[in-house]
Structure formats: structure tokens, C-alpha cells
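>>> using only what follows, build the 3D model:
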Amino acid sequence: MDSTAAVPQPALHPTEPDPEVTDLLLIRHGRSADVVPGSPESLDPPLHADGVRQVAALTRRLAGRTIDAVYASHLVRAIETARPLAEGRGLQVESIDDLEEVRLGDWGGGEFRRRAATADPEWVTWSRTGKWDGIPGGEGDAVFRSRVAAAIEAIALAHLGQTVAVVAHGGVINAYLSDALGIERSLWLTVENTSISFVRVTPYGHYVVVAGDCQHLYDPVLGPAG
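Here you go, the predicted structure:
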């Protein structure tokens, strides 16, 4: 090339799929239904009516995006979020147990929600650690991160050159990004319901295109209207 010729800025977005790269759309499920702690429904709540509306907005947002496969955790709120993305493309939702949210032990079955809602002192102290350790009977931070990373990396490896939607949970998305980017805290990103985190998985590293994007719901910089 002529050393005096003007050279354009490198393009950030490739025009053609790279056969060595997987584009991951990590999507949190829609808002889940309110639950009574300890009730049978608290173990696996479906979507709230607001969650159904969020999923509709997400589906419209991604209507023009090529998606080659759709995965979800086995929990109802994730399946109900993933299904419209799959059905609109003639795909099936592939359910993977290891995409389940962190296993909360004694704080499961709605107890975690109750403690958060009441600003329980034990919950407040735990929440400041940024990790999943310290919950009685819980899965623990290292085990959770390892489980999630193995599941999502296996998905990426199975879909080289493609775009995959992975519908999971806020803790799962945080844990995966923390592990992939070497971030010590496992709770560092605000993950809105139906938000999208776009990660490009390559043989030479992970590239975050966007994290926690919820523009189909509201502008996260300006905050929700009203």
C-alpha cells in the first residue's frame, strides 16, 4: 500500500461470519411472577404479566437479527422468554440444566426475595461482597462460575460461525462474564429483565460488544420513564 494513501478506521463489526467465532446473545428472562416464599410456585415461577410484555418487546427488537440456535435454562421463566425467539425462526429451544440460576440453599424458594425486600441485615451484608459465598447451604461462588462457564463455552464451541441466543438469569450472565473477563466479583453488572449482553467468543479471547442492553424497554442512561 502507498504510504501516502489515506487509510480508513478499522471496522468494528465484521460484514461476514467468522468460522472461528461465535456470537453469543446472553438474555435474561422476563420479570417473573410474584411468589409467596415457601410455596410450591416459589421454586419455579412463570413470567409475570409485565414479563410477558417485556418478552414481546425483546422479540420485536431482535426480529431482524439472525439467530441460529436458542438455548435456555430449564426454569419456566427462561423457557417462556426463549420460546418466541425460537418459534419465529422455526427453531426449538434447547434446555440445559446447568444454565439454571445460582442454587441458593437455605435462601431458595423465595427466601432470597423476602430478605432482599425487607433489607434483612444478613442479606445486606452478603450483598456487599459481590460473590455468592456465605449463603447457608448455597452452591458457592467458584462452583457456580465453573458450572456456568462450562455450559456456555460448550454452546459457543458447538456453534462456530453462528449467532446463538442463550436465555438464562441475571446471576448466570454476571458469572459468565466475570469468568470470561477475569473479574473477581461475580455480581458487578446490572442485568435488567430481557436485557441483552452480546459477547463475541473467539480463539484469542472474549470481546464484549454490549452488556446489559435494554433499549427495547427504556434508555438505561436516562432511566425508566415516569
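>>> quick one, longest strand in the chain?
If you go by DSSP state E, the chain has its longest strand at strand 205-213.
>>> strands paired with it, and their directions?
Paired neighbours of strand 205-213 in the sheet (DSSP bridges): strand 196-202 (antiparallel).
>>> doesn't V164 belong to a strand?
Yes - using DSSP: H, G, I helix; E, B strand; the rest coil, the assignment for V164 is a strand.
>>> grab the nearest non-local neighbour of it.
Among residues not flanking V164 along the chain, A69 sits closest, at 4.8 Å (CB to CB, 6 or more residues apart in numbering). All C-beta atoms are positioned from the backbone trio N, CA, C, and that covers glycine.
>>> can you count the residues close to that neighbour?
A69: 19 surrounding residues under other CB atoms under 10 Å.
>>> that one contacts V167, doesn't it?
No - look at A69 against V167 with CB atoms under 8 Å: they stay out of range, at 11.5 Å.
>>> tell me where this structure has helices.
Listed in chain order, the helices of the chain (DSSP state H) span 49-61, 76-87, 111-117, 121-127, 141-158, 170-181.
>>> could I get the ones you listed as TSV with distance to V201, mean pLDDT and mean neighbour count?
Formatted as TSV, the helices of the chain follow (distance: least, CB to CB, whole Å; pLDDT from 0 to 100; neighbours: other CB atoms under 10 Å):
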stretch	distance to V201	mean pLDDT	mean neighbour count
helix 49-61	22	98	17
helix 76-87	19	98	22
helix 111-117	30	97	17
helix 121-127	30	97	13
helix 141-158	4	98	18
helix 170-181	8	97	23
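>>> can you tell which of these is closest to D213?
helix 49-61 (9.1 Å; CB to CB).
>>> picking that back up, quick one: closest of the helices of the chain to T4.
Of all those, helix 170-181 comes closest under CB to CB, at 39.8 Å.
>>> from the middle of its chain, how far away would that closest one be?
8 Å (CA atoms, centre = their mean, to the nearest Å).
>>> tell me the angle that helix makes with helix 141-158.
80 degrees (axes from the mean of the first three to the mean of the last three CA atoms, to 10 degrees).
>>> distance-wise, check A49 relative to A56.
11 Å (CB to CB, to the nearest Å).
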